[in-house]
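Engineer: the following comprises the amino acid sequence and a computationally predicted model.
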Amino acid sequence: MKLLMLEVKDLNVAYGNVQVLWDVSLNVAEGEIVVLLGANGAGKTTLLNAITGLVRPLGGNVSFLGRDITGLPPNEIVEHGIAYLPEGGRLFPDMSVQENLEMGSYLKNNWKIRKNRLEYVYNVFPRLKERRKQLAKTLSGGERQMLAMGRCLMSNPKMGFFDELSYGLAPKLVKEAFAMLKSLRDLGLTIFLIEQNANQSLEIADRAYVLENGRIVNSGTANELLHSDHIRKAYLGL
Amino acid sequence: MISFINVLVNGLLLGGIYAITAMGLSLQYGVARILNIAHGEFIMVGAFLTFVLHTKLGINPLFGLAVAGPVLFVVGYLIQRILFKTLKDRTPTPAAFEGSSMLMAFGILFVVQSIAIFIWGTNVQGYSYLAYSVYLGDIRFSVNRLVILVISVLICLLFYLFLTRTRTGKAIRAASQDPDAAGLMGVNINRMLALCFAFGAMMAGFAGMLISMVFPIYTTMGMQYTIIAIIVVVLGGLGSIPGSMIGGFLLGIFSAIVSAKDPGLTMAAYYLLFLVLLLVKPSGIFGR
Ligand SMILES: Nc1ncnc2c1ncn2[C@@H]1O[C@H](COP(=O)(O)OP(=O)(O)OP(=O)(O)O)[C@@H](O)[C@H]1O
Ligand SMILES: [Mg+2]
């Protein structure tokens, strides 16, 4: 039995009077890659925002490695070893590439070893090293995603949440990004992924959940879902 | 030619004070989204603190830097924590907070000013310190103004280094660019908000100390400096710290040129510049 990393129980989230998530429950074990599929507006981003503390849930529970983190502010949640690549990257536009990366090592213990982490990330993304002095807002779309990814790695997290990592990337880069996730997992990172790109993400994932209109309507191993009629029709366009 | 250099130098001297004033306002607006209409009142308090220490206790005005700055830092921190934080928690949206925080700053303005009038009255006060001139070549400089220029350039420089080189400084910049993303990096946003407001008040304290060395001070002097700070901040680009520094020096020079023609026109010229800027380049020289 693998160690349970993330456990979400009966999570309900609303914006004002409009409820967007209904009794969402899911879990991720250590070392897994789990993907969350769902149409536009299903509530995927909201779920990640609620897990990472950007949005306060109405009710329900989030626990990480057995500790209850529900309703904590983001800065306390990331201290547990969580990194979140939010939708669109959310880089600091007027800071340089290197400063953006350094912010990824902001937590006290990481700050001391940020030089080592920088070296590691520059090794993974040599392109970022070339552009380290450039302001983030002047990067190309692909470079931005690399930087957002690199910034996540700067904190040496136990678990990474990625909201549409493949967004805006050329097909070749999407392939590379997914390959990279796989190799990160092999190095010990647990991964929870939101993807529009159902086909390729299911190929690297161990398990998947399907979110529709704020409810989990389907889940299973990636293989099961690849062959389920519902998924083939709705998400794979077959 | 000599008179032109004189005007330029005078402008730079004034510019140093403006730069610090505007930097303070910019810090408070850039991160905390508080347009602190009471900024000038903090400056007034810094000026009077220095004045009282010097005239009553004989303490060197330059030492006032070490008093006015830290005292206002603490006051600013507490004001943010007690007043603005509470207001923010009760305001539903960030946009609504920008409005209501400005009203609260108005309230602070009147409270601080009334208390100051109660203690110090409404008379114009002042002292003279290092108020003599030296000649460099053919140009005459008053020593206190030179000292002020050096101090203000130093403050700007040190603060710039703080923002660009230190962990906390980088966190402040990150929080001003994307507070949510900064939170995800582990930055405690509430702490940054209080810190930025406190630094802004500290800058006001420094500016007040510098102003008291060369200009007459009075308990209702605040508004004038708030307005100047707002003009500089718009000139330099809302929330841009380097913009505020450079904008301060530019406005100082502009002011010196205008007042060389006719000192009575200075304020009118400021407003005119302000209006033209809002029409031509509302995002400022360094605006995003
Ligand atoms: N801050 C907000 N205030 C009000 N409603 C919101 C807010 N953020 C999201 N919503 C609404 O909540 C619903 C879910 O949005 P969410 O961003 O979670 O969807 P998503 O599954 O990530 O979609 P996409 O694939 O397009 O990114 C949508 O109907 C959206 O309009
Ligand atoms: Mg989304």
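Structural biologist: Thanks, I have it. Ligands and ions are numbered 1, 2, ... in the order given.

Engineer: check which helices and strands the longest helix seen in chain B is in contact with.
Structural biologist: Under DSSP state H, the helix in chain B containing the largest number of residues is helix B:2-30. Applying 3 or more Cβ pairs under 8 Å, 6 or more residues apart in numbering or on different chains; DSSP states H and E, one finds that helix B:2-30 makes contact with helix B:39-57, strand B:139-142, helix B:143-165, helix B:189-214, helix B:222-236, helix B:241-261. Every residue, glycine included, has its C-beta placed from N, CA and C.

Engineer: would you turn the ones you listed into a markdown table with distance to ligand 2?
Structural biologist: Shown next, in a markdown table, are these (distance: least, Cβ to the ion, whole Å):
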| stretch | distance to ligand 2 |
| --- | --- |
| helix B:39-57 | 40 |
| strand B:139-142 | 61 |
| helix B:143-165 | 33 |
| helix B:189-214 | 22 |
| helix B:222-236 | 35 |
| helix B:241-261 | 33 |
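
Engineer: burial of residue B:74, as a residue count?
Structural biologist: Using other Cβ atoms under 10 Å in any protein chain shown, residue B:74 is surrounded by 12 other residues.

Engineer: picking that back up, any idea of the angle the longest helix of chain B forms with helix B:189-214?
Structural biologist: 150 degrees (axes from the mean of the first three to the mean of the last three Cα atoms, to 10 degrees).

Engineer: quick one: average pLDDT of helix B:2-30?
Structural biologist: When pLDDT is averaged along helix B:2-30, the result is 87.

Engineer: just the buried positions in it, please.
Structural biologist: For helix B:2-30, burial by neighbour count (16 or more other Cβ atoms under 10 Å in any protein chain shown) applies to B:6-7, B:9-30.

Engineer: out of the helices and strands packed on helix B:2-30, which gets the lowest mean score?
Structural biologist: strand B:139-142 - the lowest mean pLDDT of those, at a mean of 78.

Engineer: please report how far the residue of the stretch 51-200 of chain B found nearest ligand 1 lies from ligand 2.
Structural biologist: Minimum separation of the stretch 51-200 of chain B from ligand 1 (Cβ to the nearest ligand atom) falls at residue B:93, amounting to 10.2 Å. To ligand 2, residue B:93 is 21 Å away according to Cβ to the ion, to the nearest Å.

Engineer: burial count for residue A:200?
Structural biologist: Neighbours around residue A:200, by other Cβ under 10 Å: 16.

Engineer: that one: which element?
Structural biologist: helix A:198-204 (DSSP states H and E).

Engineer: next, the buried residues of the lowest-mean-pLDDT helix or strand in chain A.
Structural biologist: Least confident helix or strand, chain A: helix A:229-234 with a mean of 79, by mean pLDDT, DSSP states H and E. Buried residues in helix A:229-234, counting neighbours by 16+ other Cβ under 10 Å, are found at A:231, A:234.

Engineer: for ligand 2, give me its nearest residue in chain A.
Structural biologist: residue A:45 (3.1 Å; Cβ to the ion).

Engineer: residues contacting that residue?
Structural biologist: A:86, A:87, A:163, A:194 (Cβ atoms under 8 Å, 6 or more residues apart in numbering or on different chains).

Engineer: which strand residues bridge the closest residue to the first one other than its chain neighbours?
Structural biologist: Counting by Cβ to Cβ, 6 or more residues apart in numbering or on different chains, residue A:163 is the residue found nearest to residue A:86 once chain neighbours are left out, at 5.6 Å. Legend: beta-bridge partners of residue A:163 under DSSP bridges are residue A:194.

Engineer: contacts made by the longest helix along chain A with the rest, please.
Structural biologist: Longest helix in chain A by number of residues (criterion: DSSP H): helix A:171-186. Contacts to helix A:171-186, defined as Cβ under 8 Å, 6+ apart, come from residues A:31-33, A:124, A:142, A:145, A:149, A:153, A:160, A:162, A:165-166, A:169, A:191, A:193, A:197, A:200-201, A:203-204.

Engineer: at 6 Å what do you get?
Structural biologist: For helix A:171-186, the external contacting residues (Cβ atoms under 6 Å, 6 or more residues apart in numbering or on different chains) are A:33, A:142, A:165, A:166, A:191, A:200, A:204.
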